[in-house]
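1. What follows is a predicted protein model with its sequence.
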Amino acid sequence: MTDQTRPRGIDHVGITVADLEAAAKFLEEAFGAVALYDNVTPTKPQMGAETERTLGLPTGTAIRHMRMMKLGTGASIELFEMAVPAGQTAPLLASDLGLQHFAVYCDDVHAAALRFAAAGGTLLTDPKPLLGIEEADGNAFCYGRAPWGTVIELITWPSNAEWTKSAPASRYKPAA
């Protein structure tokens with residue numbers, strides 16, 4: 001393993017919650033967390049076949065709201081609020097309450113995806129550009145499922161993106 005293919009650390013942990021505003025308020029009050037930005041909002045939810053495929057969601061699930069929270073000097077917490085189809089009973093899905101995924105920062109997300117698959121993980125998507133206000137040159141991500149079922153995101157953001165211009169604090173980025 002070279003320095004370029006070795007992950008640098010956890011970028012963020014994604015947690016699906018029933019009420020994003022209540023969860024954000026709790027993190028702010030309990031831990032002094034700071035809301036960095038909303039990447040999906042209730043007025044512009046993320047849904048459809050591509051979203052379902054990217055996160056391994058059941059058909060008809062929509063991401064209602066997604067907010068990145070800064071907690072201290074470590075990894076960030078990404079809160080998700082989902083609209084789940086009636087009758088969903090499958091366990092351990094990204095739309096379930098609780099830990100949704102964790103993200104590992106990698107300098108070379110393509111090499112990391114190959115290593116992930118070679119180790120027995122299942123890629124849900126190939127690496128692709130980050131979306132929304134996280135989009136910038138070279139910024140990319142992909143999701144995979146660990147052999148035991150946990151969803152893991154591989155992420156790189158070597159370029160500053162739109163969110164860096166307005167966020168009240170900086171996201172944690174592991175040192176090189």
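-> That came through, no problem.

2. For Ala22, give me the pLDDT.
-> Predicted confidence (pLDDT) for Ala22: 89.

3. and it, which of the three is it?
-> helix (DSSP: H, G, I helix; E, B strand; the rest coil).

4. Please name the residues that touch it.
-> Neighbouring residues of Ala22 by CB atoms under 8 Å, 6 or more residues apart in numbering: there are none. Using the backbone N, CA and C atoms, a C-beta is placed for each residue, glycine as well.

5. Likewise for Ala23?
-> 15, 17, 79.

6. Now intersect those with the strands, please.
-> 15, 17, 79 (DSSP state E).

7. for those residues, which one is nearest Pro45?
-> Leu79 (14.4 Å; CB to CB).

8. circling back to that earlier point, take the contacts of Ala23 and lay them out in CSV including neighbour count, distance to Phe141 and pLDDT.
-> Output for those, formatted as CSV (neighbours: other CB atoms under 10 Å; distance: CB to CB, whole Å; pLDDT from 0 to 100):
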residue, neighbour count, distance to Phe141, pLDDT
Ile15, 19, 17, 85
Val17, 20, 21, 85
Leu79, 25, 17, 90
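
9. can you give me the helices in the protein?
-> With DSSP state H, the ranges of helices along the chain come out as 20-31, 49-55, 109-118, 163-166.

10. can those helices go into CSV with extra columns for distance to Arg6?
-> As requested, the helices of the chain are arranged in CSV below (distance: least, CB to CB, whole Å):
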stretch, distance to Arg6
helix 20-31, 30
helix 49-55, 25
helix 109-118, 9
helix 163-166, 25
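
11. Touching, Ala35 and Met66? I think so.
-> No. If you go by CB atoms under 8 Å, Ala35 and Met66 don't touch, sitting 11.6 Å apart.

12. more crowded one of these two?
-> A side-by-side neighbour count of Ala35 and Met66, using other CB atoms under 10 Å, places Met66 first with 21 against 17.

13. In CSV, list the C-alpha atoms belonging to stretch 111-120.
-> Included here for stretch 111-120 are C-alpha records, laid out as CSV according to Å, rounded to 0.1, in the frame of the first residue of the first chain:
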residue,chain,number,x,y,z
ALA,A,111,-7.6,3.2,-6.1
ALA,A,112,-9.4,3.0,-2.8
ALA,A,113,-12.5,1.7,-4.5
LEU,A,114,-10.5,-1.1,-6.1
ARG,A,115,-9.0,-2.0,-2.8
PHE,A,116,-12.4,-2.0,-1.2
ALA,A,117,-13.8,-4.4,-3.7
ALA,A,118,-10.7,-6.6,-3.6
ALA,A,119,-11.0,-6.9,0.1
GLY,A,120,-14.6,-8.3,-0.2
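
14. Which elements pack onto the worst-scoring helix or strand of the chain on mean pLDDT?
-> Within the chain, judged by mean pLDDT, DSSP states H and E, the helix or strand with the poorest mean is helix 163-166; its value is a mean of 73. If contacts are counted by 3 or more CB pairs under 8 Å, 6 or more residues apart in numbering; DSSP states H and E, helix 163-166 sits against strand 34-40.
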